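>>> Sequence and computational prediction follow.
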Amino acid sequence: MMALLKRDLAIATRSGGAAMLGVLFFLAVVAVIPFGIGPDLNLLARIGPAILWIGALLASLLGLDRLFQADREDGSLDMLVMQDWFSLVLTVFVKSLAHWLATGLPLVLAAPLLGLLMNMSATATGAVMLTLLVGTPAISFIGAVGAAVAVVLPRGGLLVSILILPLAIPILIFGVSASYAAVTDPDPFLPPFMILSAIALFFAALGPVAAAAALKGAAD
Amino acid sequence: MSDTTASQGWFTSLANPTRFLALSGRILPYLATAAVVSLLVGLYMSFAAPEDYQQGITVRIMFIHVPAAWLAMMCYSVMAIASIGTLVWRHPLADVAAKTALPIGAAFTFLSLLTGSLWGRPMWGTWWVWDARLTSVFVLFLMYLGLMALHRAMDDPARAARPAAVLTLVGFINIPIIKFSVDWWNTLHQPASVMRLDGPTIHPSMLYPLLVMAVAYTLIFFTLHLMAMRNEILRRRVQAMRRQAAQAIGAGGARP
């Protein structure tokens, strides 16, 4: 399993990998917003956490369709599906984890720089980083289901985003509300953050099982 | 019916599409009649119901809006049960049931969103708010559309069945969120007033038309669903026959 993790990470970080591309896309989305709404720094500071979260969500969805597609193309997906049930679930879990390490974690690390561009306070930036750290794995785990469902399609990329976006909306809601709660005074930070953590754990348990079931189904 | 089929139960015997076609063909006329009659009665009762002292005549939107929202959730639940049927028992008709319920459920969801919007304009002063109930129903609508897109994207219906079933089950977590959203988050949409543990808090003069309409909608759903399932079975048969015919021609042409 460690070998699989290393292999997937190596593929993702080599040329044409999703890791740098995701961060660049994140940067592009966030950079486009001030052009759209005007360079008012107060307004940017106020909506900054939401923009960072939306950018991270879209960037995480970007590389999802490649999660199983590459394995399918070189035939190793059939080998993975032929394992017994438990190993398959574990494999999907490790692959989702590798996807997060390659695309989600760079987003978290890039967030402070973008927070600076958005004129966000240090507390707000810290809160966004913390919520992204907890929330982006959830996107990877639930995204694995969409990637597994669409793996048999020749061009499933757009479809994965459409299928997964509705399911990812709760992550966005609680991620953003926790980030806001950290900067606006009377709102407590912990309740939405705890719900976000619960969603992440729930998806980490549910996602690999559902994705494994979909892969088995697609292979039959 | 012989002893063996009787011991297998009628649910298993339905797995035979031909038997399903025969049985559903016999039920459908009664179901359709019952649906039309209950809809007419429900509509008459809705218009005979007294106007609300605050909302005036716009309260009648409720008789269209509330059952549509119930049916939107029920339809997804039917799909979720059918998906379990696909994944666990591999019931051959479960996949047909899940697939054909999709557009019907999307239509009910759209109807409830539309009528809710029309009702919200005079009552809340806005067409749309991003409150928990409205947003979660909107998410349900998106999921219906996404699943329809998934079915469209695969040319072989048998291959789409299991992935779509998995996704339907994963999306089912949204249904309790819709149901309890008005209790968990204190938002603009009013809390549940009919399906409550301590009994409905709505006056009988409005409750009865509402319930009759709910029955009518349910009957309409089952009528449409059975018709759509019959269509889908026949469509798949035609496809299979075409494929066989094409193979026969291909085999004939290959032979010298």
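Yes, it's here.
>>> per-residue confidence for whichever residue of chain A sits closest to chain B?
Residue nearest to chain B within chain A (C-beta to the nearest C-beta): residue A:217, separated by 2.6 Å. (Each C-beta comes from the backbone N, C-alpha and C, glycine too.) You'll see residue A:217 listed with a pLDDT of 77.
>>> thought it was touching residue B:162?
Yes: between residue A:217 and residue B:162 there is a contact under C-beta atoms under 8 Å: 2.6 Å.
>>> What's the local residue count around the residue of chain A closest to chain B?
22 (other C-beta atoms under 10 Å in any protein chain shown).
>>> just residue B:19 next, same as before
Residue B:19 has 13 neighbours, counted by other C-beta under 10 Å.
>>> again with the one 10 residues further on
Other residues lying near residue B:29 total 10 when counted by other C-beta under 10 Å.
>>> Distance of it relative to residue B:41?
Distance of residue B:29 to residue B:41, given as C-beta to C-beta, to the nearest Å: 19 Å.
>>> Single out the residue in the stretch 151-256 of chain B that lies closest to chain A.
residue B:162 (2.6 Å).
>>> Okay, and that residue sits in which element?
helix B:157-171 (DSSP states H and E).
>>> Tell me which other helices or strands that helix touches.
Applying 3 or more C-beta pairs under 8 Å, 6 or more residues apart in numbering or on different chains; DSSP states H and E, one finds that helix B:157-171 contacts helix A:122-149, helix A:157-183, helix A:190-219, helix B:61-84, helix B:92-124, helix B:132-153.
>>> joint contacts of residue A:217 and residue B:162?
Common contact partners of residue A:217 and residue B:162 (C-beta atoms under 8 Å, 6 or more residues apart in numbering or on different chains): residue B:87.
>>> Show me which residues of chain A sit near chain B.
Contact residues, chain A versus chain B (C-beta under 8 Å from any C-beta of the partner chain): A:142, A:145-146, A:148-150, A:152-153, A:156, A:159, A:162-163, A:165-167, A:169-170, A:206, A:210-211, A:213-214, A:216-218, A:220.
>>> Give the residue spans of chain A that score low on pLDDT.
Along chain A, segments meeting pLDDT under 70 span A:12-19, A:154-156, A:185, A:219-220.
>>> how about 80 then?
For chain A, applying pLDDT under 80 flags the ranges A:1-21, A:38-41, A:62-63, A:65-66, A:69-80, A:118-119, A:152-157, A:182-189, A:217-220.
>>> Output the set of residues of chain B in proximity to chain A.
Residues of chain B lying near chain A (C-beta under 8 Å from any C-beta): B:87, B:135, B:139-140, B:142-143, B:145-147, B:149-150, B:153-154, B:159, B:161-167, B:169-171, B:174, B:177.
>>> let's go with 6 Å and repeat that
B:139, B:142, B:143, B:146, B:153, B:162, B:163, B:166, B:167, B:170 (C-beta under 6 Å from any C-beta of the partner chain).
>>> so the fourth one sits right up against residue A:160, yeah?
No: in this structure, residue B:146 sits apart from residue A:160 without contact. The criterion is C-beta atoms under 6 Å, and the distance is 9.9 Å.
>>> Now do the same contact list for the closest residue to residue B:60 other than its chain neighbours.
Spatially, and ignoring its direct neighbours in sequence, residue B:60 is nearest to residue B:46 (5.8 Å; C-beta to C-beta, 6 or more residues apart in numbering or on different chains). The neighbourhood of residue B:46, defined by C-beta atoms under 6 Å, 6 or more residues apart in numbering or on different chains, consists of B:60, B:63, B:209.
>>> Among these, which one lies nearest to residue A:73?
residue B:63 (54.2 Å; C-beta to C-beta).
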